[in-house]
Every structure is written in C-alpha cells, then in structure tokens.
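Asker: When you get a sec, could you give me coordinates for this:
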Amino acid sequence: MQRFYRFILYRLMGWQVNVQIPLPKKYIIALAPHTSNWDFVLGQLYSRAEGFRCGFMMKKEWFFWPLGPIFRRMGGVPVQRSKHTSLTDQLADIARRQDTFNLCITPEGTRKPVTEWKRGFYYIALKAEIPILLFGLDYAKKRIICTRAIIPTGDIETQMKEIKDYFREFQGKHPEKFAI
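Answerer: Predicted coordinates for the structure are as follows:
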C-alpha cells in the first residue's frame, strides 16, 4: 500500500518532500498553513507514503456516523472547541506514559485567517517533554517541508514567534486564509 500512496502523492499529484528532521519516537507535528480540507488529505497521503501513522485532532462535529469511526481508526482525536477541558494535560500524560507518541495539530485551529494561534500543541509538547516538528505545506511549489524542530522551553511568546516566522514562506491552498 505504501507504494500506492507514494504513486498518488508524488507521481500523480506531483508533490515533493524536503523533510530533514528524522521522526523521533515521540513528537508533535505543527502543520501550517491550514487553509483547506485538502491539507488533511495531503497529510494522510504523506504519512502513508512515508510509512508512518500520525494521530490528529479535529473538531468533534466531524465525528458523526459514518465518519466518526473511520476518523478514530485513523488516529483522530475529537476536540470540543466550545468547552475548556484538560485535553492538553490528558494528551501530555498519554505521551509521557507511552513508548511512542505522535500527533499532528494545525496551530491555527481553523481554516479561516487568524493571527492568534492555538497553543495547545505547545503545552502538550512542553508537559510531555517532546519536540515539535514544524511541517509546512506549500501549495505554490507543491512541497511538504520540515527543516526545523522546536524543543519547548516554556518561553512561549518567543517560541511562538519563531514558529510563526518559520511558516511565513509557505503558501496555503487558499493564501488569503493564512495569517501570521
């Protein structure tokens, strides 16, 4: 199946990859820009083409039947955005206890342009003491890029600025929906 996914992503769709950071046993992927539902499709194709599976967070409204069981099987974690829960603490605890842990999160938290990004991905990584791998989707050049990892120090203001600066060069499918 991996060859099939590689064929679709790289040959049929024409995407290229520049991933210079090896995947550790535990990590968070911060994926941006997130401007289209196609970002999810590309992420799933990429992970399967490269032979790994990665969990993901998605608003709970997508977890209706029949999609809910499918998304959960794929590694989906439903998020109830209207309530403040201890989801970051729960996920950090799971990451600390397990031998392997990987989760892909879009820091923007939506496909609309927002300048204030969600910080849950940062707090999960900080509490679990795992790196954040910065994966950019560049639709203009059809590239998936990861050339940087962040080790959370707790200086969230400085590190969120670094993270946002990293993603400046990437163009989403709908560039008008991406804001730093």
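Asker: which residues in this protein form helices?
Answerer: 2-6, 38-49, 67-74, 87-97, 120-128, 156-167 (DSSP state H).
Asker: any idea of the mean pLDDT in stretch 156-166?
Answerer: For stretch 156-166, the mean pLDDT works out to 97.
Asker: Any idea which helix or strand in the chain has the lowest mean pLDDT?
Answerer: Counting by mean pLDDT, DSSP states H and E, the chain has its least confident helix or strand at strand 76-79, which shows a mean of 74.
Asker: With only the CA atoms kept, save it in PDB.
Answerer: Coordinates of each C-alpha in strand 76-79 appear next as PDB, following Å, rounded to 0.1, in the frame of the first residue of the first chain:
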ATOM      1  CA  GLY A  76      -8.400  11.100  15.100                       C
ATOM      2  CA  VAL A  77      -9.000  12.800  18.500                       C
ATOM      3  CA  PRO A  78     -12.300  14.700  18.600                       C
ATOM      4  CA  VAL A  79     -12.000  18.200  20.100                       C
END
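Asker: Show me which positions of that strand end up buried.
Answerer: By neighbour count on 16 or more other CB atoms under 10 Å, the buried set for strand 76-79 is 76-77, 79. C-beta coordinates here come from the backbone N, C-alpha and C atoms, glycine included.
Asker: how about low-confidence regions in this structure?
Answerer: Counting by pLDDT under 70, the ranges of the chain that qualify are 62, 81-85.
Asker: Thank you kindly, that will do.
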